[in-house]
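K.L.:
Quick one: sequence and predicted model below, then my questions.
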Amino acid sequence: MEKSIPPVELNDLLAAGKQFTLLDVRRKEDFDQAPHTIAGAEWKNPAESDQWLPTIPAQEEVIVYCVRGGSVSQSVQQKLADSGRLVRYVEGGLEAFAKVVRT
């Protein structure tokens, strides 16, 4: 499985009603400044990932995103993958996804 997912593909999965866990893993200060999320996403503080990781379903795909799809979402993606979960991060993060939805 690929480590990343293009924003267009995520939008297609959401539109099709596919079942997966969507996590907003922006840093707390980024989330506090702009608390909107992608519909259906649950915000999880990446600094506390050791605490919440065991609560993430292991039997379905997980998709994570941060502001720009950089080190935050990629490090969370790796940690979840290392725990045996099928997980991808959104390429370009929330910023790239917002551009896809607007067009």
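P.N.:
Received the coordinates, thanks.

K.L.:
all strands for the protein, in order.
P.N.:
Along the chain, counting by DSSP state E, strands occupy 4-5, 21-24, 42-43, 62-65, 87-90.

K.L.:
Would you mind listing where this protein has pLDDT under the threshold?
P.N.:
103 (pLDDT under 70).

K.L.:
Of all residues in it, which one is nearest the centre?
P.N.:
Closest to where the C-alpha atoms of the chain average out (C-alpha atoms, centre = their mean) is V64, at 1.4 Å.

K.L.:
hmm, back to that, okay, the strands of the chain in CSV with distance to K99 next?
P.N.:
In this view, the C-beta of every residue, glycine as well, is placed from N, C-alpha and C. Formatted as CSV, these follow (distance: least, C-beta to C-beta, whole Å):
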stretch, distance to K99
strand 4-5, 15
strand 21-24, 17
strand 42-43, 21
strand 62-65, 13
strand 87-90, 12
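
K.L.:
thinking again about what came up before, my read is that the residue nearest to the centre of the chain contacts K79, right?
P.N.:
No - between V64 and K79 there is no contact under C-beta atoms under 8 Å: 9.7 Å.

K.L.:
Distance-wise, check K44 relative to Y89.
P.N.:
Using C-beta to C-beta, to the nearest Å, K44 is found at 13 Å from Y89.

K.L.:
count of neighbours near the closest residue to S4 other than its chain neighbours?
P.N.:
What sits nearest to S4 in space, not counting adjacent residues and going by C-beta to C-beta, 6 or more residues apart in numbering, is E91, at 4.8 Å. A count of nearby residues for E91, using other C-beta atoms under 10 Å, gives 20.

K.L.:
Kind regards, and thank you for your time.
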